[in-house]
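Novice: Predicted model and sequence below, questions to follow.
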Amino acid sequence: MKAPQPHTKEPHPSTVYRLAVRTWWMPWVLGVAIVAAGTVTAVQLLTGTTPVAEQEGKRTSHQVVYEVTGTSASEIRYVIDGARGVETVTRTRLPWRVELPVEVGPGLGVVQVSASRPDPDAPLSCSVTVDGKVAQRSQAMRDWSSVSCSAVIRPGAE
């Protein structure tokens with residue numbers, strides 16, 4: 001007869017080992033965050049851009065051009081002040097265009113134009129230009145009755 005073998009238990013992993021197994025990904029996430037922050041800081045230093053936090057106190061003026069083209073539009077709405085002020089034009093001839101100065105700051109500014117068409121088969125398109133650069137162009141799709149174009153202007157952006 002064989003002598004009974006003493007029951008040996010496998011050693012339990014220590015608390016530190018279990019914690020390391022569960023959180024192996026944390027150093028990677030921290031490393032990626034540090035590299036991203038360093039990259040943004042380096043780009044700002046090398047390009048001479050000002051961080052958004054420093055730009056928020058600035059107010060800048062921009063020239064905005066709204067355009068709507070097509071055969072007919074029953075209504076055109078556009079932002080006049082980079083925030084909440086909206087003008088509405090009804091039953092106007094196309095092409096339609098308006099150019100206005102928009103002052104932005106201390107927060108972000110939004111410029112937007114939208115137009116609706118009475119005939120879903122009629123062509124309709126819009127564009128927003130900020131400081132001579134086209135920010136967005138859009139064309140009404142076949143089944144859509146309206147079109148919209150918009151852009152965001154950062155404070156301090158020239």
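Specialist: Arrived safely, thanks for sending.
Novice: how far does the host helix or strand of Gln63 sit from the chain's center?
Specialist: When elements are assigned from DSSP states H and E, Gln63 belongs to strand 60-70. Offset of strand 60-70 from its chain centre (C-alpha atoms, centre = their mean, to the nearest Å): 19 Å.
Novice: That strand pairs with which strands?
Specialist: Paired strands of strand 60-70, with direction, are strand 96-104 (antiparallel), strand 124-130 (antiparallel) (DSSP bridges).
Novice: Confidence-wise, which helix or strand of this protein is lowest on average?
Specialist: Within the chain, no helix or strand scores below helix 52-55, which has a mean of 51 by mean pLDDT, DSSP states H and E.
Novice: What segments of this protein are strands?
Specialist: Secondary structure of the chain, counting by DSSP state E: strands at 60-70, 73-79, 86-92, 96-104, 109-116, 124-130, 133-139, 146-153.
Novice: any chance of the ones you listed in JSON lines, plus distance to Val40, mean pLDDT and mean neighbour count?
Specialist: Using the backbone N, CA and C atoms, a C-beta is placed for each residue, glycine as well. Listed next are these as JSON lines, based on distance: least, C-beta to C-beta, whole Å; pLDDT from 0 to 100; neighbours: other C-beta atoms under 10 Å:
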{"stretch": "strand 60-70", "distance to Val40": "22", "mean pLDDT": "93", "mean neighbour count": "19"}
{"stretch": "strand 73-79", "distance to Val40": "30", "mean pLDDT": "89", "mean neighbour count": "20"}
{"stretch": "strand 86-92", "distance to Val40": "35", "mean pLDDT": "87", "mean neighbour count": "12"}
{"stretch": "strand 96-104", "distance to Val40": "22", "mean pLDDT": "92", "mean neighbour count": "16"}
{"stretch": "strand 109-116", "distance to Val40": "23", "mean pLDDT": "88", "mean neighbour count": "22"}
{"stretch": "strand 124-130", "distance to Val40": "24", "mean pLDDT": "93", "mean neighbour count": "22"}
{"stretch": "strand 133-139", "distance to Val40": "24", "mean pLDDT": "92", "mean neighbour count": "14"}
{"stretch": "strand 146-153", "distance to Val40": "19", "mean pLDDT": "87", "mean neighbour count": "19"}
